[in-house]
Structure formats: structure tokens, C-alpha cells
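Asks: no sequence on hand, only this structure:
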Ligand code: PMP
């Protein structure tokens, strides 16, 4: 019998208690507000059926062959031309989802013990991507409008980068205001602190587009990550990194080592779908659906939580809202009780790198139907009421 000695990195990949708990949310019959899954109603199946046929008929052998690690040139050009600042297609690296972008950034920028700054709370998948590289994660103070630039100087000392999600953040749904963006970029410039900007939700605004990305204000100081998962379909596993010319070659080498290149067939199909302005009609329909679903959840919360000390925000776009339980209640403890009543959410604890807000929870409003949202929020309120009664009785 061979004995396998695992790397220190592997030890950093432990499944958390919370991950195990979240498996329960996938039980049949549970109304889940837990997953970060886009609505399958929005997936453009017919457009892909046509694109698939065209790509195979026209360029079949090329689409099925190995290809350049940088990505399919017309798709890189499309990305460069559709970003709201001047981007050279040579700076665009097509990745296997933006999740791979986070992994590459971690590999290229983090050594054991390197300081990395994140928002409070932040995207769990980024913490997972960075963790194997053994960073020292520092959470920068944030409020309902996002990161507080004033708090950065105390943490910034030799930090490798600040990871930030300015638009409809996962998990909170919050958006960084115009003035905060300006202040943040100025602070980072003065501290010589590079930024990693993750923007998978920016196109999913409800009433008006969010302010310009950080990368548009300071292109040499920002690695920008984008994704086709939320505007087309996540199963394609396609995203992109826009990197300053100084770090691009290293990200490219890391990409080569990871998977040679993202699937050429998918890249060509996505380009085929996008090339004649498809997103201009398609994305407004996603926005309208998500805006409606969000309103249904906000109305359901207002009705069901009447008289309870529960608060929540009202996001301007994206897929999530962030709620807070009554004082003394812990979202991790509440989850199994909620699952018993047929509803699931993600306890906020999952998204904190350092100090945890145990009362917080994330609710996705995009995957459940309108009826499920109403029933699920009622069940959640019922769980909170019963828990509160038990707490009072103790
Ligand atoms: N960043 C954030 C903030 C996300 O929420 C997600 C998806 N959950 C990703 C990156 C990864 O998305 P993908 O790999 O599908 O592009």
C-alpha cells in the first residue's frame, strides 16, 4: 500500500463545516436561496444551437484542435472593445471562468505569508482560490456601501493586492459608490497598492448602470476579472482577465500550466453568439427578470418579517441580498432548523476572512420561482419566530 504525503497546500483545502451543512440545502423539496446559480430561464439555448452548428460547419477542425493559451483572438478583441476604457486585446486573457482568473492571480501574486486585503465580507470562492498559496488575509472595514477607503492605510503595509467587488457584490449585493471608487483608487495609488477587481455582476443592474470600474480609472494598477457566466451561461466556463502589460506574461504562463487554454470550441461558440450584438437584446431581459424576482423577495420579506428584528438591504442589481437576524441569533445554528422547514440560505459566516458577523445571511433571489420565494420566505420567518420563542424561554 502506498502512503500519500499531501502538500501543505492540500491541507489548506479542507472542507469547512459550513460546506458540509450546505450539502443539505440540495436535498429534494428544499426551496433554496443558497446557491449562486443564475436562472436557467435566461440561458440562450437556441442561440447556442445555431452557433454550434455554424462553428462546426465552418471551422469544425479548428474548433476541435488545441489553440493559443491567450484565447480566441476575435473573442479577445470583442472583450477589449466592449469594456468602457481603452483596452488593448493583447491585455485580454480568456480564462476557464473568472474563478480561474482568481486562481491564476493567487499563483502569480501570493507567496506564503504575503498580505492580501479583502472586503468585509467577501466572495468565498476567492478566499478558496487564494488559501492554498498561504496568504495572510486582512479584512478591510466596510459598510453597506462597501469598502471604506479610509481604513486601508493601516492594513496596506507591503500587501500584494486588494481584492474588491465594486458591483452588486457577492455576498451582500452592495455597490461601491462613485465617490468611494474615486477615493479608493486615489488611496491605492498613494499606497502603491495593486487592485484585483472582480466584476461578474456589473451588467445585471436594475435601474441604472453602476459607476465606471476601478480599472477604467487606473488601468496600470488594476487586474480586472470578467465573466460570461452571468450574461450567457455558467456551464460554458468562460471568463477573462484584463491585466497590465507588466503582469500579463506571468498570468499567461500560469494559465498554460493550468490547462493550456480554455476550450476553443466554447470560445468560438460564444464569439459566434456575441458578434452581432446579441447581448444588447439579451441582457435587458435578464435585468428585468432579476429586478422582478428581487422585488418579489423584498415584498415577501416585508410581509413575513413584520414584528421581527430582522433587517435586509435592497440591492441595485445582481443576484443576492444580505439579511441580518435578531440579536443573539446565529445563522449557522438557524440553517438546519430552516432546512427542516424546507428553506435554505447561506450563513454569512462563510464570507468572512477574519472576524465573523454570525447574524448575517445571504439570500439569492434569482433561482427560485416567485411562488417559491413567497413560500420560502414565510418558512424562514416561521423558523426565526420559533427560534426566538425558544431563546426567550431559556
Ligand atoms: N467572482 C464572483 C464574485 C462570483 O460570484 C463568481 C461566481 N459565483 C465568480 C467570480 C466565478 O464565476 P465564473 O467562474 O463562473 O466566471
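Replies: Cool, the structure landed. Note that the coordinates shown come from a computational prediction; the quantities given were computed from them, not determined experimentally.
Asks: going forward, measure contacts and count neighbours with C-alpha atoms only.
Replies: Fine.
Asks: in stretch 104-116, what counts as buried?
Replies: 104-110, 114-116 (16 or more other C-alpha atoms under 10 Å).
Asks: okay, now the unreliable bits of the stretch 101-250 of the chain?
Replies: For the stretch 101-250 of the chain, no stretch is flagged by pLDDT under 70.
Asks: 90 instead, please
Replies: 150-158 (pLDDT under 90).
Asks: could you pull out the strands in it for me?
Replies: 115-118, 136-139, 142-143, 146-147, 161-164, 195-198, 222-227, 239-242 (DSSP state E, counting those that start in this stretch).
Asks: could those strands go into CSV alongside distance to residue 258?
Replies: Listed next are the strands of the stretch 101-250 of the chain as CSV, based on distance: least, C-alpha to C-alpha, whole Å:
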stretch, distance to residue 258
strand 115-118, 22
strand 136-139, 24
strand 142-143, 34
strand 146-147, 32
strand 161-164, 22
strand 195-198, 20
strand 222-227, 17
strand 239-242, 15
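Asks: can you give me the helices in this protein?
Replies: Assigned by DSSP state H, the chain shows helices spanning 8-11, 17-23, 45-63, 73-82, 97-109, 124-130, 178-191, 214-217, 248-259, 264-274, 278-304, 331-340, 370-393.
Asks: who's in contact with residue 90?
Replies: Taking C-alpha atoms under 8 Å, 6 or more residues apart in numbering as the criterion, residue 90 is in contact with residue 76.
Asks: relative to residue 70, how far out is it?
Replies: Distance from residue 90 to residue 70, counting by C-alpha to C-alpha, to the nearest Å: 8 Å.
Asks: still on that earlier bit, which stretch among the strands of the stretch 101-250 of the chain approaches residue 74 most closely?
Replies: Minimum separation from residue 74 across the strands of the stretch 101-250 of the chain (C-alpha to C-alpha) falls at strand 239-242, 13.3 Å.
Asks: with residue 361 as the reference, name the closest of the strands of the stretch 101-250 of the chain.
Replies: strand 142-143 (15.3 Å).
Asks: now that closest one, how far from the centre of its chain.
Replies: Computed by C-alpha atoms, centre = their mean, to the nearest Å, the chain-centroid distance of strand 142-143 equals 18 Å.
Asks: partners of that strand in the sheet?
Replies: If you go by DSSP bridges, strand 142-143 pairs up with strand 146-147 (antiparallel).
Asks: can you tell me if the strand it pairs with touches the ligand.
Replies: No: using C-alpha under 6 Å from any ligand atom, strand 146-147 stays clear of the ligand, coming no nearer than 13.7 Å.
Asks: any chance of the helices of the chain in TSV, plus distance to residue 227?
Replies: Listed next are those as TSV, based on distance: least, C-alpha to C-alpha, whole Å:
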stretch	distance to residue 227
helix 8-11	27
helix 17-23	24
helix 45-63	17
helix 73-82	10
helix 97-109	5
helix 124-130	14
helix 178-191	21
helix 214-217	15
helix 248-259	16
helix 264-274	12
helix 278-304	13
helix 331-340	30
helix 370-393	27
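Asks: pretty sure residue 184 contacts residue 146?
Replies: No: the criterion here is C-alpha atoms under 8 Å, and residue 184 misses it with residue 146 at 10.8 Å.
Asks: give me the more crowded residue out of the two.
Replies: Each of residue 184 and residue 146 has its neighbours counted (other C-alpha atoms under 10 Å); residue 146 has more, 26 against 20.
Asks: check contacts around the residue nearest to the more buried one when sequence neighbours are not counted.
Replies: Excluding its sequence neighbours, the residue lying closest to residue 146 (C-alpha to C-alpha, 6 or more residues apart in numbering) is residue 176, at 5.3 Å. Applying C-alpha under 8 Å, 6+ apart to residue 176 gives the contacts 145-147, 166-167.
Asks: switch the cut-off to 10 Å
Replies: Shown in contact with residue 176 (C-alpha atoms under 10 Å, 6 or more residues apart in numbering): 143-148, 164-169, 182, 184, 210-211, 213.
Asks: same question for residue 348.
Replies: 121-122, 171-172, 322-324, 330-332, 356-363.
Asks: can I have the buried ones of those as a PyMOL selection?
Replies: In PyMOL, this line selects whichever of those come out buried by 16+ other C-alpha under 10 Å:
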select buried, resi 121+122+171+172+322+323+324+330+331+332+357+358+359+360+361+362+363
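Asks: follow-up on the earlier one: so how do I select the buried members of the contacts of residue 176 in ChimeraX?
Replies: In ChimeraX, this line selects whichever of the contacts of residue 176 come out buried by 16+ other C-alpha under 10 Å:
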select :146,147,148,164,165,166,167,168,169,182,184,210,213
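Asks: nearest to residue 238, of the helices of the chain?
Replies: Nearest to residue 238, of the helices of the chain and by C-alpha to C-alpha, is helix 97-109 at 4.2 Å.
Asks: which other helices and strands does the closest one contact?
Replies: strand 92-95, helix 124-130, strand 161-164, strand 195-198, strand 222-227, strand 239-242, helix 248-259 (3 or more C-alpha pairs under 10 Å, 6 or more residues apart in numbering; DSSP states H and E).
Asks: can we see that at 7 Å?
Replies: helix 124-130, strand 222-227, strand 239-242, helix 248-259 (3 or more C-alpha pairs under 7 Å, 6 or more residues apart in numbering; DSSP states H and E).
Asks: does that helix come close to the ligand?
Replies: Yes: legend: contact between helix 97-109 and the ligand by C-alpha under 6 Å from any ligand atom is shown at 97-99.
Asks: and which of the residues you listed is nearest residue 83?
Replies: residue 98 (15.7 Å).
Asks: neighbours around that closest one, how many?
Replies: 24.
Asks: show me the contacts for it.
Replies: Shown in contact with residue 98 (C-alpha atoms under 7 Å, 6 or more residues apart in numbering): 225-227, 239-240.
Asks: equivalent analysis for residue 89, please.
Replies: 76-77, 80.
Asks: nearest to the ligand among those?
Replies: residue 76 (15.6 Å; C-alpha to the nearest ligand atom).
Asks: contacts only, for the nearest residue to residue 301 once chain neighbours are set aside.
Replies: Once flanking residues are discounted, residue 301 sits nearest to residue 377: 6.3 Å by C-alpha to C-alpha, 6+ apart. By C-alpha under 7 Å, 6+ apart, the contact list for residue 377 reads 300-301, 304.
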